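Asker: Just need the structure, nothing else, for what follows:
(one chain, ligands or ions: 1)
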Amino acid sequence: MARKSVNDFAEKKRAGERLVLLTAYDYTFGKIVDDSGVIDGILVGDSLAMVVQGAENTLGVTMDEMVYHTKLVSRAATNAMVIGDMPFMSYHTSVEEAVRNAGRFIKEGGAQAIKLEGGAEVKEKVRSITNAEIPVMAHIGLTPQAINRMGGYKVQGKTVDAKRRLMDDALALEDAGAFCIVLEAIPMELARDITAKLTIPTIGIGAGMHCDGQILVLHDIIGIFERFLPKFAKRYTNLKEETLNAVKLYAKEVTAGVFPSEKESFK
Ligand code: KIV
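Answerer: Okay, the predicted model is just below:
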């Protein structure tokens, strides 16, 4: 089966069908997400810094680490598009460096597209990466790589000025060639207006129900990342509890001499 492409994303917007995306960071979970057959895109997000590496925020994860995790997910994905997330400082210093690093996600990571954060200020980078035949997923609103400038994880686009700026950013990124755009933590009416104005799909995370698609962090929806659950996320199962139960039962059986039994032994 061929992976979903930018054409499938565009077609879903045209048809008024919702796009469904999730993050994944390794082969095992990448395969589960992909095998579901219901996911359009897997983002190897820099959120892996927090949910896989245990860091305080996303700022420290490196290009090498991101490419490595993208490679693991790419090995698993035969159905969903794989998108590599450009980490902090991998595209900030120059257009050349942005294009070179974007290329690594394709050549080494096996991704079909990259994501980067920022509004009109990154449009030349989006244009140049797109001109290098690499599809770009843009990302505006709450952009976690900008937490130091934003003063924390705060909902964006609340004032009239901020709303206008985000609308202008979205239009600039579409004009620069982005194939879709993540809207994170913005008021749902603003997301609705941006979605109506753009011809490319909007992918919401904390941006309400009017977006063309949704994305969440896998570890949030399956309940294995406990440090916090953003208001916009929803836990659909509690794998932490199930894993803990399995670990405790295993220890109990080893201690009691129940495991291994003859069934798990060689003759
Ligand atoms: O890093 C990430 O996982 C993201 C999301 C949009 C969920 O940027």
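Asker: What strand or helix carries residue 114?
Answerer: strand 113-115 (DSSP states H and E).
Asker: Who are the packing partners of the next helix or strand along the chain from that strand?
Answerer: The helix or strand immediately downstream of strand 113-115 is helix 123-131, counting by DSSP H and E. Packing contacts for helix 123-131, counted by 3 or more C-beta pairs under 8 Å, 6 or more residues apart in numbering; DSSP states H and E, involve helix 95-107, strand 136-141, helix 160-176. In short, each C-beta sits where N, CA and C put it, glycine included.
Asker: Could you export the ones you listed to CSV, including columns for distance to the ligand?
Answerer: Listed next are the helices and strands packed on helix 123-131 as CSV, based on distance: least, C-beta to the nearest ligand atom, whole Å:
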stretch, distance to the ligand
helix 95-107, 14
strand 136-141, 6
helix 160-176, 15
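Asker: Quick one: closest of the ones you listed to residue 256.
Answerer: helix 95-107 (48.9 Å; C-beta to C-beta).
Asker: what angle do the closest one and helix 123-131 make?
Answerer: Interaxial angle of helix 95-107 relative to helix 123-131 (axes from the mean of the first three to the mean of the last three C-alpha atoms, to 10 degrees): 40 degrees.
Asker: quick one, domains of this protein?
Answerer: 6-236, 239-267 (automatic domain parsing).
Asker: Quick one: mean pLDDT for the last one?
Answerer: The reference is to domain 239-267. Average pLDDT, domain 239-267: 97.
Asker: returning to that earlier point: quick check: mean pLDDT of the strand holding residue 114?
Answerer: 98.
Asker: Mind listing the strands that strand pairs with, and their directions?
Answerer: strand 81-85 (parallel), strand 136-141 (parallel) (DSSP bridges).
Asker: Could you report the distance from residue 83 to the ligand?
Answerer: 10 Å (C-beta to the nearest ligand atom, to the nearest Å).
Asker: Surely that residue and residue 44 touch.
Answerer: Yes. The criterion here is C-beta atoms under 8 Å, and residue 83 meets it with residue 44 at 6.9 Å.
Asker: who's in contact with the residue most central in space within the chain?
Answerer: Centroid-nearest residue in the chain: residue 43, 3.7 Å away (criterion: C-alpha atoms, centre = their mean). Applying C-beta atoms under 8 Å, 6 or more residues apart in numbering, we find residue 43 in contact with 21, 22, 23, 24, 83, 85, 115, 137, 215.
Asker: what residues does the stretch 1-150 of the chain put near the ligand?
Answerer: 23, 43, 45, 46, 47, 85 (C-beta under 6 Å from any ligand atom).
Asker: isn't the fourth one right up against residue 87?
Answerer: The one in question is residue 46. Yes. The criterion here is C-beta under 8 Å, and residue 46 meets it with residue 87 at 5.0 Å.
Asker: overlap in contacts of those two?
Answerer: Common neighbours of residue 46 and residue 87, using C-beta under 8 Å, 6+ apart, are 58, 61, 66, 145.
Asker: In helices, which of these fall?
Answerer: residue 66 (DSSP state H).
Asker: okay, and the common contacts of residue 83 and residue 44?
Answerer: residue 111.
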